[in-house]
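Asks: got a predicted model here, sequence first, then my questions.
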Amino acid sequence: MHGYKTEEVKLLMKELSNKKLDELLSSPKDDILLGFLQEKYYLRKNLDRYLAYYEKHKKVALEDIVALVNVHADYEHYEHDIKADVSKDIAVLSNKYYKLDADYEPDDLVDVKNTYYYGESQQIRSEVMDAFIEMWNDANAEGIYLIINSSYRPYTEQEQLYNEYTELYGQRGADTIASRPGYSEHQTGLALDIFSKDSTTRSTFKDSAAYTWLINNSYKYGFILRYPEGKESLTGFEFEAWHYRYVGKKHAKAVHEKNITYDEYYAYYLDK
């Protein structure tokens, strides 16, 4: 088959339809197609989209194209709605493509004791609260006093917040720092904005001892840094050193060890 090695032929036969194989037989060796098939996070259902994206962005590495397409970043934000699968419980994904119903509200919200937050009163899902307290105790034993600034937000509160940002920064500016209503992780009751008593400023938290501790330890309690630095094209958000998402210990450990965003992890391992 036009210079393909035996193992490459087997891969092509496994992944491609008979029609596509027939097309390959009459064409020169397609190294780009083969390259996509060999990528670690390749998903068969996305092959045509990988190829289409490549045709428009030939300077982008195949690995990066696979990641972008898998998380739906080949579409414009908020123009390719997918219904968030709340049946996945703590693994649910909400972002600029996965949307929650306006009336969605977790049924196990609990009040956060004032030991653990500052500002206005807070609520979070019960399982998240238990995990945070476990993490808080261990961090406190090492001299780190973690404190929650923001947690659960219903659709209406997110709508109000987003509208305020839009008035201040315009829609484009608002979209870089806040989710539109229905797309926010805070509506799931699984997201926390975490600071410390020693550092409550967004611009400096990344340089604090609390941030370092969280990066090294939060996954042990089921939390992940949701919007990492350098991954803006995948998450749709600027780096937020304070925004942590509870996904449970199993998923958090996997995300940490694989060093990928939750968007990538969800696409490859959970969106079946």
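Replies: Yep, that arrived. Residues are numbered from 1 along each chain as shown.
Asks: distance from the lowest-mean-pLDDT helix or strand in the chain to the middle of the chain?
Replies: Sorting the helices and strands of the chain by mean pLDDT, DSSP states H and E puts helix 18-25 at the bottom, at a mean of 80. Distance, stretch centre to chain centre, for helix 18-25: 36 Å (Cα atoms, centre = their mean, to the nearest Å).
Asks: mind listing what's buried in that helix?
Replies: Buried residues in helix 18-25, counted by 16 or more other Cβ atoms under 10 Å: L24. Glycine gets a C-beta too; all of them are placed from N, C-alpha and C.
Asks: so what's F132 up against?
Replies: Each residue near F132 by Cβ atoms under 8 Å, 6 or more residues apart in numbering is listed here: Y116, I124, L146, I148, L192, Y221, F223, Y246.
Asks: for the least confident helix or strand of the chain, packing partners?
Replies: The contact analysis (3 or more Cβ pairs under 8 Å, 6 or more residues apart in numbering; DSSP states H and E) places helix 18-25 against helix 6-15.
Asks: quick one: contacts of the helix it packs on?
Replies: Contacts of helix 6-15 (Cβ under 8 Å, 6+ apart): M1, Y4, L21, L24, L34, L37, Q38, R44, L47.
Asks: circling back to that earlier point, and the angle from the least confident helix or strand of the chain to helix 6-15?
Replies: Helix 18-25 runs at 150 degrees relative to helix 6-15, counting by axes from the mean of the first three to the mean of the last three Cα atoms, to 10 degrees.
Asks: pretty sure A67 contacts K40?
Replies: No - at 9.9 Å, A67 does not count as touching K40 under the criterion of Cβ atoms under 8 Å.
Asks: related to what we said a few turns ago, ok, the contacts of F132 vs T204, which is closest?
Replies: L146 (15.8 Å; Cβ to Cβ).
Asks: could you confirm G170 falls within a strand?
Replies: No - under DSSP: H, G, I helix; E, B strand; the rest coil, G170 sits outside any strand and is assigned helix.
Asks: against G236, how distant is H72?
Replies: Distance from H72 to G236, counting by Cβ to Cβ, to the nearest Å: 10 Å.
Asks: tell me, how many residues neighbour W136?
Replies: 19 (other Cβ atoms under 10 Å).
Asks: what residues are up against it?
Replies: Counting by Cβ under 8 Å, 6+ apart, W136 makes contact with Y116, L146.
Asks: higher neighbour count, A67 and K40?
Replies: Between A67 and K40, counted using other Cβ under 10 Å, the more crowded position is A67 (23 against 10).
Asks: now do the contacts for the more buried one.
Replies: With Cβ under 8 Å, 6+ apart, A67 has these contacts: Y41, L234, I260, E264.
Asks: now with 7 Å?
Replies: Under the criterion of Cβ atoms under 7 Å, 6 or more residues apart in numbering, the contact list for A67 reads Y41, L234, E264.
Asks: quick one, strands of this structure?
Replies: 82-83, 98-99, 109-111, 123-125, 146-150, 191-196, 223-225, 243-246 (DSSP state E).
Asks: summarise which helices and strands the second one is packed against.
Replies: Other elements packing on strand 98-99 under the criterion 3 or more Cβ pairs under 7 Å, 6 or more residues apart in numbering; DSSP states H and E are strand 82-83.
Asks: how is the chain divided into domains?
Replies: The chain breaks down into these domains under automatic domain parsing: 6-70, 82-270.
Asks: give the buried subset of the contacts of helix 6-15 as a PyMOL selection command.
Replies: Paste this into PyMOL to select the buried members of those, with burial taken from 16+ other Cβ under 10 Å:
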select buried, resi 4+24+34+37+47
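Asks: pipe the contacts of helix 6-15 into TSV and attach distance to D108 per row.
Replies: Output for these, formatted as TSV (distance: Cβ to Cβ, whole Å):
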residue	distance to D108
M1	56
Y4	54
L21	51
L24	52
L34	48
L37	43
Q38	43
R44	37
L47	40
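Asks: any idea which of the contacts of helix 6-15 is closest to P154?
Replies: Using Cβ to Cβ, R44 is the member of those that sits closest to P154, with 38.3 Å.
Asks: can you report how many residues neighbour the spatially closest residue to that closest one that is not a sequence neighbour?
Replies: The shortest distance from R44 to any residue other than its chain neighbours is 5.9 Å, reached at E15 (Cβ to Cβ, 6 or more residues apart in numbering). Number of residues near E15 (other Cβ under 10 Å) recorded here: 17.
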